[in-house]
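here is my input; please provide its structure:
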Amino acid sequence: MSHVLRLCWIVLALWLPAQVQAAPATHSGQYGLPVITLAELTAEARDTLRAIRQGGPFAYSRDGAVFGNFERVLPMRTRGCTSDTLLTKSADCGRKCEAGAPAQKGSAPPCRVRYREYTVETPGASNRGARRIISGEVNEYYYTADHYQTFRRIRE
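Alright, predicted model coming up:
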């Protein structure tokens, strides 16, 4: 009996790791967020990204609404302006940024990225579902499949 039990444990030990096949996470390096390529996105997510770039049309009235980044998972720009905020108005300070211009001591708060959210259709869902694409100021896009719990930077 002990030989049979030992054999079962060996088979289980060899079989179990083969069943756990987690895809290795690819990180963007810049912010440490995982990356997803266009090819890995669902067809619905690619359609949403195309609509964002074309300026619409969008299926939901909330599409294009400001995303507050309250979870603080996406990058925050707190050390002055960067090329990502080039000539855009900051919601925090109302001034225009110039690429690379640091915030001066005692000056207005530094510029921050303003994010916008867009719905990614979920087949069979009776509401907007959990999937979204978040856009940054300059061609920076993030995908969430779980309603802002996790994000992946979209790499083109």
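
ok, residue 51 - contacts?
For residue 51, the residues meeting the contact criterion (C-beta atoms under 8 Å, 6 or more residues apart in numbering) are 57, 58, 118. In short, each C-beta sits where N, CA and C put it, glycine included.

burial of residue 34, as a residue count?
Residue 34 has 15 neighbours, counted by other C-beta atoms under 10 Å.

most neighbours among the contacts of residue 51, please name it.
residue 118 (24 neighbours).

partners of the helix or strand containing that one in the sheet?
Assessed by DSSP states H and E, residue 118 sits inside strand 115-119. Strands adjacent to strand 115-119 in the sheet, as given by DSSP bridges, are strand 65-67 (antiparallel), strand 132-135 (antiparallel).

any chance of the ones you listed in CSV, plus mean pLDDT?
CSV is the format used below for the strands paired with strand 115-119 (pLDDT from 0 to 100):
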stretch, mean pLDDT
strand 65-67, 94
strand 132-135, 97
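
so for residue 123, which of these sits nearest?
Comparison of these against residue 123 by C-beta to C-beta identifies strand 132-135 as nearest, at 15.5 Å.

residues in contact with that closest one: which ones?
Contacting residues not belonging to strand 132-135 are listed as 45, 48-49, 52, 67, 74, 115-120, 141-144, 147-148, 151, 154 [C-beta under 8 Å, 6+ apart].

what's the following helix or strand after that strand?
Secondary structure here is assigned by DSSP H and E; on that basis, the next helix or strand after strand 132-135 toward the C-terminus is strand 141-144.
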